[in-house]
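K.L.:
build the 3D model from these lines:
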Amino acid sequence: MDKTAISTKNLARRSTTISAGFLFVVAATVALLVLCGIIWLTSVKSSTETLNSYGYTYLTYEGEVVEYNSYHYDVYYYSYDLSAENPEEFAKYKAETKFFDIKFNDNIYRDYMGKLWLIEIAAIIVSLLSLALAIAKTGPKDENGNVKLGWFDRIFVEVDIIVAAAATIGLYFVFLLAQTWLFKSNYGENLFLTLLNNNPNFETIRNWMDYSFGLRILDYAFEPRWILLVIASIGTLAIVSIDLIALLSIVRRIKARSFLRTTILGYIACNVIENAASSPALKGKVLGTLIGAVALMFIAAAIAIGLLGYESVILIGIGALVMIALICIFVPKQIGKYEKVRTGISELQKGNFTYKVPDLGNGELGRLASSVNSISEAQDLAIQKELKSQRLRTELISNVSHDIRTPLTSMSSYVDLLKKEGLDSPQAPEYVRIISEKTERLQKLTDDLFEAAKAASGDIPVTIEKLDMHAMVEQALAELDESINRNNIDVVLSKQTDNTMVYADGKLLWRVIENILTNVTKYSLSGTRAYMDIFEKDDQIILEVKNMSRDQLNISSQELLERFKRGDDSRNTEGSGLGLAIASDLTALMGGNFDISIDGDLFKAIVSLKKVDSNMI
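P.N.:
Predicted coordinates for the structure are as follows:
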């Protein structure tokens, strides 16, 4: 199933869940408020029966009512101690009992109760059906059909339960507001009068019921009275919504099979088991440590109780729980970090130097992980260098064999022709000329190879002195002028600084410049210009040579610096392919830097040497 279809289905599921949840909240709110009305009507009937059975007794103190009750044996609890100790004070108390012949209208009561129960049952059915639909549809799914959890679903289950329980407790206060509205509103008062058949003692009866429910604190807090019903309705909606959100979150966790993991104890247990799963010994040590810590805490609590008494039990219990929680939370994390480091070391032992230990922070295990990664990187780099070295050695042998075999083959062929035709043959001078050229080429290759080996090993005497870079470039151009003109290359020399003095070895610098210009004459596109710029940058004098290559440069600049590498893959041009490599090694011997860059067919060679301070010239 593609992502669009999954997204469409998830959107439909979310819309259904929201609609069903909204219907549940409304239906449950109606059911709760109607239940409040049922309880109120029932309490009115039961209170009426109580008043008819026991009467209405109230205790006064100097004429002021201090207690309402309908049971004779409780009205004197204010004055028990005063009767013997302070008779005068006791005389100020007076208990009076009234009996009312309250006629309760059972027909109206049954009519109202019947209607309320019909609404109650309908609201309960609707709320249950909508809740079942919301539970069935809650939770978006991924392409594998697994329920995905949001950020809210990753909060510990205990937090959801505590919040939902606290909200549910708020129903008491909501019921208190609704009951007060029923006792004090015009609607409730009229219904009260009707149920009591307009009893002339209605106000006294209502005050007694009002006092019995403990609602007097709200007598004048809300005016007009309908505000009580509005607040009760909004409060019920909020409480039911909070409970629904918590319930659906728990349902999604169950569907995703992660309920236990999102509990505090489950999270701790899963972390301990998973992180120590690969090492039974480690698992035993961790569990032993946790059990030992808990046992020590109980022992310490027992000692503290013995010394300080049972008053310290609560504080000790809270402290112990906090310590256990901290141990259970942090120990598994440290075990997890240890396991990751151990896995990294194991992979390193197996030769997997590309494995990286995840970032573990700034702790001791984090620093150890960084060290393991550094070792892996160093080993991997060494292996890559060794592989490159082996490849270069293989290519070196192949290229040297090719470059030596080519002139030797020609020389052998022409020597055989001379043997057959003799020195008196008309072609003999041409054969000798070719043999001489191939001999010179072989000699040049041998010399270059010897020089490259010496330059790479550093086995060349170096005498650093102050030299004029510009003057040496001009001298090299003059000596190679014939070769440059023969290849139809126009060299443009530009000096962009007055101070062109550098610290270098004269012979080595000359060879570097000669190799660069020889490379220009051999590989530049005929009829183009080559630019040689001399400028200073920081404490360096830089010689930059640019030319257009005759052949397509389909290799990297780093690869072109390797020995026996040329810009043409056919290797039909003269030269050994060692010139740039020799120039790079000789420049390094003088403390400078040699680099090349390729941009399409534009070839650039850059020589950097330390500049001589103008005050020292």
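K.L.:
residue ranges with poor pLDDT in the stretch 51-200 of the chain?
P.N.:
66-86 (pLDDT under 70).
K.L.:
list the contacts for P140?
P.N.:
By CB atoms under 8 Å, 6 or more residues apart in numbering, P140 lies in contact with N10, R13, R14, V147, K148. Placement of C-beta: from N, CA and C, glycine included.
K.L.:
farthest pair within the residues you listed?
P.N.:
Greatest spacing in the contacts of P140, by CB to CB: R14 and V147 (12.5 Å).
K.L.:
mind checking which of those two has more residues around it?
P.N.:
Between R14 and V147, counting by other CB atoms under 10 Å, V147 is the more crowded of the two (18 against 14).
K.L.:
now the more buried one. Its backbone dihedrals?
P.N.:
Dihedral angles of V147 (phi, psi; degrees, to the nearest 10) stand at phi -70, psi 130.
K.L.:
touching, it and D153? I think so.
P.N.:
No. At 9.1 Å, V147 does not count as touching D153 under the criterion of CB atoms under 8 Å.
K.L.:
quick check: neighbours shared by those two?
P.N.:
Overlap of the contact sets of V147 and D153 (by CB under 8 Å, 6+ apart) consists of R252, A256.
K.L.:
excluding covalently adjacent residues, which one is nearest to R550?
P.N.:
L525 (4.6 Å; CB to CB, 6 or more residues apart in numbering).
K.L.:
residues touching that neighbour, list them.
P.N.:
With the criterion set at CB under 8 Å, 6+ apart, L525 makes contact with N547, M548, S549, R550, D601.
K.L.:
please, a PyMOL command that selects the buried ones among the residues you listed?
P.N.:
Per 16 or more other CB atoms under 10 Å, the buried members of these correspond to this PyMOL selection:
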select buried, resi 547+548+549+550
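K.L.:
show me which of the contacts of L525 is closest to G592.
P.N.:
Within the contacts of L525, proximity to G592 (CB to CB) peaks at N547, which comes in at 20.9 Å.
K.L.:
which stretches of the stretch 401-550 of the chain have low pLDDT?
P.N.:
Residue ranges of the stretch 401-550 of the chain with pLDDT under 70: 401-404, 406, 444-459.
K.L.:
got phi/psi on the residue nearest to the spatial centre of the chain?
P.N.:
Nearest to the geometric centre of the chain sits D359, at 11.2 Å (CA atoms, centre = their mean). Per-residue torsions, D359: phi -60, psi 120 (degrees, to the nearest 10).
K.L.:
what about it, distance to D243?
P.N.:
Counting by CB to CB, to the nearest Å, the separation of D359 from D243 is 41 Å.
K.L.:
now for the closest residue to A369 other than its chain neighbours: which residues touch it?
P.N.:
Leaving aside its chain neighbours, A369 sits nearest to V357 (4.1 Å; criterion: CB to CB, 6+ apart). Counting by CB under 8 Å, 6+ apart, V357 touches K340, V341, T343, G344, A369, V372, N373.
K.L.:
which residues of the stretch 451-600 of the chain fall in helices?
P.N.:
For the stretch 451-600 of the chain, helices defined by DSSP state H, counting those that start in this stretch occupy the ranges 469-479, 481-486, 506-523, 557-560, 579-589.
K.L.:
and these, which is most packed in?
P.N.:
Greatest average neighbour count among the helices of the stretch 451-600 of the chain goes to helix 579-589 (a mean of 23), per mean count of other CB atoms under 10 Å.
K.L.:
from the chain's centroid, how far away is that helix?
P.N.:
48 Å (CA atoms, centre = their mean, to the nearest Å).
K.L.:
now do stretch 533-551
P.N.:
Relative to the chain's own centre, stretch 533-551 is displaced by 47 Å; criterion: CA atoms, centre = their mean.
K.L.:
swap in stretch 234-253?
P.N.:
The answer for stretch 234-253 is 29 Å, by CA atoms, centre = their mean.
K.L.:
any idea of the mean pLDDT in it?
P.N.:
Regarding stretch 234-253, the rounded mean pLDDT is 91.
K.L.:
which residues touch Y414?
P.N.:
With CB under 8 Å, 6+ apart, Y414 has these contacts: Y431, V432, I434, I435, K438.
K.L.:
can you rerun that using 10 Å?
P.N.:
Counting by CB atoms under 10 Å, 6 or more residues apart in numbering, Y414 touches Q427, A428, E430, Y431, V432, R433, I434, I435, S436, K438.
K.L.:
now do R252 against T262, distance only.
P.N.:
Per CB to CB, R252 is found 10 Å from T262.
K.L.:
touching both of the two, which residues are there?
P.N.:
Common neighbours of R252 and T262, counting by CB under 10 Å, 6+ apart, are L149, D153.
K.L.:
check contacts around the residue nearest to the centre of the chain.
P.N.:
With CB under 10 Å, 6+ apart, D359 has these contacts: K340, G366, A369, S370, N373.
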